[in-house]
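Chemist: Give me a 3D structure for the following:
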Amino acid sequence: MLLLSIIAYLLLTVAIGYWASRKVKTSGDFMLAGRSLPIMLSSAALFAIWFGSETVFGASAEFLQGGLYAVIEDPFGAALCLVLFGLFFARKLYNMNLLTLGDYFKYRYGKRTELIASIFLAPPYVGYIAAQLVAMGLILNVVVGIEVWQGVVISAIVVTFYTFIGGMWAISITDFIQSIIIVIGLLVLSFVLADKAGGVANVLSEVHPRNYKFVPSWDIKEITTYIAAWSVLGLGSIPSQDIFQRVMSSGSVKIAVRSCFIAAGLYLTIAMLPLFISLCTKYLYADQLAGDAQLVLPHMVLMHTSMPVQILFFGSLLSAIMSTTSSALLAPAAIFSKNLIQPLTKNTLSDKQLLYVTRLSILFFAIVATVMASLRENIYELVAESSILSLVSLFASLTFGLYWKRTRSTGAILSMVMGLIAWLFFEWVYPLEIPSLVPATTVSIASLILGSLMWKKG
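Modeler: Next comes the predicted model:
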């Protein structure tokens, strides 16, 4: 019954996406929904950026092991990203009327920087997409009993088809519907488990005080690590096509800015539910928490809730992850087609041909992410790694380009290259006692400033 319900639910989701895809007439419709989303759809789309595998599975597993201190990165860093984007980036970027974030680097620095930036923009999404595929593989493993890698492959086929036909219009509409359903599902599950535990007070009374720790001790190493945790998503996801395309799909600049703040509030509030649910499962079924911590929540739902709750939870969770994956597939495909393939063809592609290339690019990134998902199964680490790459290579050139007029192309390129080299060096060759993203980001910023000042014409 559960399996049939999930299949029916997914088919319905795909049908909604297919219906919405009829609005796609141009590449602009496919990538940015024609820049016409109302505030409800825009806010739901931004809320759904991360509200999938890493929040429900990854963060809840980390929270069980390390408390609030272990989930600074997500959900708190993720909410910070949306606030910062709304405050400092949304208005400026929206008024430029760009199709991709790669277009910004062309507009601000020139074609050479556009090509290099696009090479840095697209690859980080492979890890992020892989994380979502792993989550769907885990769900199918729990519900159906198939191997995780088999679930990954099946999920990849379904979500790639959905993305291939839908584009941003389909993503936005399904995001709105799925966000409502996943919130209802988590609220119902929270209520059911809290009732079994004898109330919220009973659950919270069993939590060790150290799990409530939220600020670092006065130790330079710990403070640095704490700031780095906030920065992974808080800063690292700012220079991402995923957020860019959702914000730029808004119907106006006011909607773009306001939807960032609304989504941040929703995300930070709703993301507390999986954390609370994980506490309930620990309180009620502590003896059953052995094994993969990422599988705790789905196992508890399957074993200890009624069939209607199971259907609501697994169906809505799968659809939410599908939506997140769909957008994550579209983001690098848009960059790859618009900012790499089109310039290499000397801008000879018609809009119809660009749309065709974008769809083919979706297939390419889906295949690469599926291979990675079959080899790596830690959701939280996959998401973190994808955001760190953006932080150490692109954050400085995007931010300084918007707010420092003396920023030059040479400085931006040096920032991207040296930031990545520094991260690889401190991550693999000469590890420090602090996260490698800290010295790498510092190198990236210093390279941008020095490169811009030394080569003023570049």
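
Chemist: which residues make contact with stretch 423-440 from outside it?
Modeler: 221, 224-225, 227-229, 231-232, 236, 388-389, 391-392, 419-420, 422 (CB atoms under 8 Å, 6 or more residues apart in numbering). (C-beta placed from N, C-alpha, C; glycine too.)

Chemist: Who wins on neighbours among those residues?
Modeler: Val392 (32 neighbours; other CB atoms under 10 Å).

Chemist: ok, now how distant is it from Val83?
Modeler: In this structure, Val392 and Val83 are 22 Å apart, going by CB to CB, to the nearest Å.

Chemist: Share the number of residues neighbouring the closest residue to Gly110 other than its chain neighbours, please.
Modeler: Distances taken as CB to CB, 6 or more residues apart in numbering put Ser409 closest to Gly110, at 5.3 Å, once the chain neighbours are dropped. The burial metric for Ser409, expressed as a neighbour count using other CB under 10 Å, is 23.

Chemist: Tell me, what's the model's pLDDT at Ser409?
Modeler: Residue-level confidence at Ser409 comes out at 95, pLDDT.

Chemist: mind starting the numbering at 26 from now?
Modeler: Okay, residue one is now 26; in that scheme the one you just asked about reads as Ser434.

Chemist: which residues does it contact?
Modeler: Applying CB under 8 Å, 6+ apart, the residues near Ser434 are Tyr134, Gly135, Arg137, Thr138, Gly483.

Chemist: Quick check: which element contains the fourth one?
Modeler: Take DSSP states H and E as the rule and Thr138 turns out to sit in helix 136-146.

Chemist: From the contact counts, what lies against the helix or strand following that helix?
Modeler: Following helix 136-146 in sequence order, the next helix or strand is helix 149-168 (DSSP H and E). Packing contacts for helix 149-168, counted by 3 or more CB pairs under 8 Å, 6 or more residues apart in numbering; DSSP states H and E, involve helix 27-45, helix 78, helix 173-221, helix 266-273, helix 321-329, helix 332-360, helix 376-400, helix 404-428.

Chemist: Following element in sequence after the last one, please.
Modeler: It stands for helix 404-428. helix 434-449.

Chemist: Please point out which parts of that next one sit buried.
Modeler: In terms of neighbour count (16 or more other CB atoms under 10 Å), helix 434-449 has its buried residues at 434-448.

Chemist: tell me how far it is from the chain's mean position?
Modeler: Put simply, helix 434-449 sits 23 Å off its chain's centre (CA atoms, centre = their mean, to the nearest Å).

Chemist: what do you get for stretch 274-294?
Modeler: How far stretch 274-294 lies from its chain's middle: 16 Å, per CA atoms, centre = their mean.

Chemist: which residues touch that stretch?
Modeler: Outside stretch 274-294, the residues touching it (CB under 8 Å, 6+ apart) are 57-64, 67-72, 74-76, 100-101, 103-105, 107-108, 110-111, 115-116, 119-120, 193, 197, 272-273.

Chemist: what about that stretch, average pLDDT?
Modeler: On average, stretch 274-294 scores 95.

Chemist: that older thread, which of the contacts of stretch 274-294 are buried?
Modeler: So, by 16+ other CB under 10 Å, the buried ones in the contacts of stretch 274-294 are 57-62, 64, 67-72, 74-76, 100-101, 103-105, 107-108, 110-111, 115, 119, 193, 197, 272-273.

Chemist: Just the ones in helices from those, please.
Modeler: Among the buried ones among the contacts of stretch 274-294, the members falling in helices are 57, 64, 67-72, 103-105, 107-108, 115, 119, 193, 197, 272-273 (criterion: DSSP state H).

Chemist: Contact partners for the nearest residue to Phe390 once chain neighbours are set aside?
Modeler: Nearest non-adjacent residue to Phe390, counting by CB to CB, 6+ apart: Pro357, 5.1 Å away. Remark: with contacts taken as CB under 8 Å, 6+ apart, Pro357 is in contact with Leu146, Ala147, Pro148, Tyr150, Val151, Gln266, Ser386, Phe390.
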